[in-house]
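The following comprises the amino acid sequence and a computationally predicted model.
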Amino acid sequence: MEGFPSEDEDEPDTRRGRLSALLFHVPKEVSRTNWFARIAALAILVFWTFWIWRDTNVRTGELGSHFLHHVLLPFHEAGHYAIFRWFGQFIMILGGTLAQHLMPIVIGVALLVKQRDPFGAAIFAWLLGFSVIDMAVYMYDAFDPQLVLLGGLTGAESDAHDWQNIFGDLGLLRRARGIGLFFGWVGKAMMLAALVWAGWVLRLQRARLSSVPW
């Protein structure tokens, strides 16, 4: 009927509403202890983020956090040899980076959809941002390999440099540095967006704090 939106016109708004409800879900009551603990965790994460950014230098191969790099490393290696080795040489090489990205994505989605925990999902979105920075350093190095790889050699001394092989196959080796710098900024933007998301969720939860500590 004239004057009433059609079902198709309502659908985008409905989808946006569902997505917003998922990303910013707030339970009926929020534990004060839990909320203050998350405030403290977010404050630490904000401080750590600026610490990482201070020490990150894509051009010189500085990752900003060797701890987080080593958290991601087992998933990277598993991507090569346990997950993506069955899909051909190119995907097997790319699979290391894919797997280290998939770890925070899978856990974050599980927290968001299954546990209805957008704050927890935001933390893993933050880790995904760091993973992109980790990838960016590796990409930049592909043009003139200097990083020492897991086997103790550089990409110039062996054929084990993932992104040297990937960019070589794609004809993008000369653009490796520009691509690496671009994704370095993308990773930082993702980390910042994740912190804003986490902070906004806590702001919404504040209105529903329980009257008792627990």
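Right, received. Where do you want to start?

For this structure, which segments count as strands?
Here the chain has its strands, by DSSP state E, at 56-57, 62-63.

The last one pairs with which strands, parallel or anti?
Strand 62-63 has these partner strands in its sheet, going by DSSP bridges: strand 56-57 (antiparallel).

contacts for the strand it pairs with?
Glu62, Leu63, Gly64, Ile133, Val137, Gly184, Lys188 (Cβ atoms under 8 Å, 6 or more residues apart in numbering). From N, CA and C alone the C-beta is placed, and that goes for glycine too.

For the chain, which segments count as helices?
7-23, 32-55, 66-78, 89-113, 118-141, 162-170, 176-206 (DSSP state H).

any idea which of these is most buried?
Neighbour counts (mean count of other Cβ atoms under 10 Å) averaged over each of the helices of the chain peak at helix 118-141, with a mean of 24.

ok and that one relative to helix 32-55, angle-wise?
Using axes from the mean of the first three to the mean of the last three Cα atoms, to 10 degrees, the direction of helix 118-141 lies 10 degrees away from that of helix 32-55.

What is helix 118-141 packed up against?
helix 32-55, strand 62-63, helix 66-78, helix 89-113, helix 162-170, helix 176-206 (3 or more Cβ pairs under 8 Å, 6 or more residues apart in numbering; DSSP states H and E).

let's see 10 Å
With contacts taken as 3 or more Cβ pairs under 10 Å, 6 or more residues apart in numbering; DSSP states H and E, helix 118-141 sits against helix 7-23, helix 32-55, strand 56-57, strand 62-63, helix 66-78, helix 89-113, helix 162-170, helix 176-206.

want to throw these into CSV with distance to Ala142?
Converted to CSV, these look like this (distance: least, Cβ to Cβ, whole Å):
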stretch, distance to Ala142
helix 7-23, 35
helix 32-55, 22
strand 56-57, 16
strand 62-63, 16
helix 66-78, 15
helix 89-113, 12
helix 162-170, 4
helix 176-206, 4
